[in-house]
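*Asks:* make a model of this:
(one chain, ligands or ions: 2)
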Amino acid sequence: MKKSLVVHITVMVIAVVLGSGLASYLMMQQSEISVNRDKLSKAPLGGFNKFASDVQWMLFINYAGGVDCVEKAEAEEIYNRLNDILANDPDLEIAYNIGGMMISNADPVKSADIFMRGANNPNLKSSWQIPFSAGFVLDRYVTDQQDPERLKKAEDMFRLAASRAGDSAPYITSALLKTRAKRILQRGKWNSIPVVNEEHALLCTLFDEWRKGGGSEDGVNPQQTTDPANNIPDIKARLLKAAQDAKASDPANKNILATLAKVMKVVSEDQHLCGNCLTPYSAGDKFCSQCGAKVAVYSVCPKCNAVIKGKFCSQCGNTDKVK
Ligand SMILES: [Zn+2]
Ligand SMILES: [Zn+2]
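*Replies:* Numbering: from 1, shown residues only. Ligands and ions are numbered 1, 2, ... in the order given. The predicted structure is shown next:
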């Protein structure tokens with residue numbers, strides 16, 4: 001064999017190997033930049049998918065304007081049109097928002113599907129409205145018969161919305177907690193304690209969230225976790241309120257009392273609470289200002305019973321240990 005031929009073949013083989021390596025590298029780069037590539041329509045539009053979706057969206061608005069009342073048939077048509085639009089432009093945020101909302105009553109399952117797809121689109125991760133709407137539809141309109149997993153999905157969606165919204169939309173947190181409580185009530189048990197009512201379920205929910213945020217039963221303050229979905233604002237105040245409501249809902253219920261026993265260390269860590277209604281009371285108080293029950297007096301001078309304000313009793317000068 002001629003030497004030049006060997007060189008030629010060698011060069012060609014190396015070129016093919018390098019070329020295929022480069023191709024797979026570029027493919028990877030491309031899918032990083034265009035995360036929705038696999039979701040795009042395969043219709044031969046020569047790259048004009050975005051333009052096609054704009055036209056389809058205009059036609060959609062035109063169609064939607066002529067629909068008086070969205071019933072099952074209209075919802076089906078709207079859903080199909082939305083699928084076509086989103087196949088050409090999966091990042092069209094308004095299509096998820098308006099389309100999902102239009103069919104939320106007539107076909108909540110399809111509506112939730114649209115919203116969840118938008119919520120899980122990485123290019124739309126700055127939107128908290130889409131996951132919030134998904135959670136709302138799953139929680140309010142979808143039934144357990146239609147989707148037994150609806151409350152779990154709703155909770156996940158609200159959690160996603162909460163992590164995106166930060167402090168700007170406090171009602172997302174409320175929605176999240178309520179949905180979580182519904183799940184606990186549906187399950188019927190929490191830490192092997194039977195859950196008796198909504199107030200009880202909400203208390204269990206908040207205690208779970210407290211622990212998720214890094215808190216422990218010994219009352220250790222929660223560390224700020226990196227995941228904002230696990231940081232419920234004012235968790236301690238919410239926990240106390242839930243404890244009060246649960247106690248008031250059924251004061252002698254042993255299951256509620258068993259849950260309260262776990263929660264008390266946390267909520268009474270830096271304050272004294274009335275044993276009857278769990279309202280905080282001040283140094284020197286003998287009775288609860290909320291329910292009139294007798295409370296254990298604290299921080300008073302053992303000699304003259306004046307409230308201690310510092311190291312010494314300001315009334316009699318006593319320096320003994322205070323109660
Ligand atoms: Zn009280
Ligand atoms: Zn004194």
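*Asks:* do you know how far residue 233 is from ligand 1?
*Replies:* According to CB to the ion, to the nearest Å, residue 233 and ligand 1 sit 26 Å apart. Just so you know, the C-beta spots here come from the backbone N, C-alpha and C atoms, and that holds for glycine as well.
*Asks:* kindly report the same for residue 317.
*Replies:* Counting by CB to the ion, the gap from residue 317 to ligand 1 is 33 Å.
*Asks:* quick check: phi and psi at that residue.
*Replies:* Recorded main-chain torsions at residue 317 are phi 80, psi 10, according to degrees, to the nearest 10.
*Asks:* okay, now it: neighbour count?
*Replies:* The tally of other residues near residue 317 (other CB atoms under 10 Å) stands at 10.
*Asks:* and residue 298, by the same measure?
*Replies:* Close neighbours of residue 298, defined as other CB under 10 Å, add up to 15.
*Asks:* how about the contacts made by residue 95?
*Replies:* By CB atoms under 8 Å, 6 or more residues apart in numbering, the contact set of residue 95 is 57, 60, 82, 85, 86, 89.
*Asks:* what's the closest of those residues to residue 250?
*Replies:* residue 82 (46.8 Å; CB to CB).
*Asks:* look up phi and psi at the closest residue to ligand 2 within the stretch 1-150 of the chain.
*Replies:* Across the stretch 1-150 of the chain, no residue is closer to ligand 2 than residue 128, which sits at 55.9 Å (CB to the ion). When read as degrees, to the nearest 10, the backbone of residue 128 gives phi -90, psi -20.
*Asks:* surely it touches residue 159?
*Replies:* No: with contact defined as CB atoms under 8 Å, residue 128 does not reach residue 159; the gap is 10.9 Å.
*Asks:* which ones among the contacts of residue 95 are found in strands?
*Replies:* Taking DSSP state E, every one of the contacts of residue 95 sits outside strands.
*Asks:* now, which of the residues you listed lie within helices?
*Replies:* In helices, judged by DSSP state H, the following of the contacts of residue 95 are found: 57, 60, 82, 85, 86.
*Asks:* could you find the closest non-adjacent residue to the fourth one?
*Replies:* Read that as residue 85. With CB to CB, 6 or more residues apart in numbering as the criterion, residue 85 has its nearest non-adjacent residue at 4.6 Å, and that residue is residue 56.
*Asks:* residue contacts, that neighbour?
*Replies:* With CB under 8 Å, 6+ apart, residue 56 has these contacts: 81, 84, 85, 88.
*Asks:* which strand residues bridge the closest residue to residue 258 other than its chain neighbours?
*Replies:* The shortest distance from residue 258 to any non-neighbouring residue, by CB to CB, 6+ apart, is to residue 193 (5.1 Å). Taking DSSP bridges as the rule, residue 193 bridges to residue 190.
*Asks:* and residue 193, what does it touch?
*Replies:* For residue 193, the contact set (CB under 8 Å, 6+ apart) comprises 204, 255, 258, 259.
*Asks:* can you tell me which helix or strand the last one belongs to?
*Replies:* In this case it means residue 259. In this assignment (DSSP states H and E), residue 259 forms part of helix 254-267.
*Asks:* tell me the buried residues in that helix?
*Replies:* Residues of helix 254-267 classed as buried: 255, 256, 259, 260, 263, 264, 266, 267 (neighbour count, 16 or more other CB atoms under 10 Å).
*Asks:* and the pLDDT for the last one?
*Replies:* Put plainly, it is residue 267. You'll see residue 267 listed with a pLDDT of 87.
*Asks:* from memory it sits against residue 239, does it?
*Replies:* Yes: assessed by CB under 8 Å, residue 267 is found in contact with residue 239 at 5.5 Å.
*Asks:* so the residue in the stretch 51-200 of the chain that ligand 1 sits nearest to: helix, strand or coil?
*Replies:* Ligand 1 sits closest to residue 199 of the stretch 51-200 of the chain, with a gap of 17.0 Å, by CB to the ion. The three-state assignment at residue 199 reads helix, by DSSP: H, G, I helix; E, B strand; the rest coil.
*Asks:* for burial, what's the neighbour tally of it?
*Replies:* Counted with other CB under 10 Å, residues neighbouring residue 199 total 20.
*Asks:* the one 5 residues further on now?
*Replies:* Each residue near residue 204 was counted by other CB under 10 Å, and the total is 26.
*Asks:* my guess is it contacts residue 182, does it?
*Replies:* No: using CB under 8 Å, residue 204 is not in contact with residue 182; the gap is 11.6 Å.
*Asks:* domain map for the protein?
*Replies:* 46-187, 188-270, 271-323 (automatic domain parsing).
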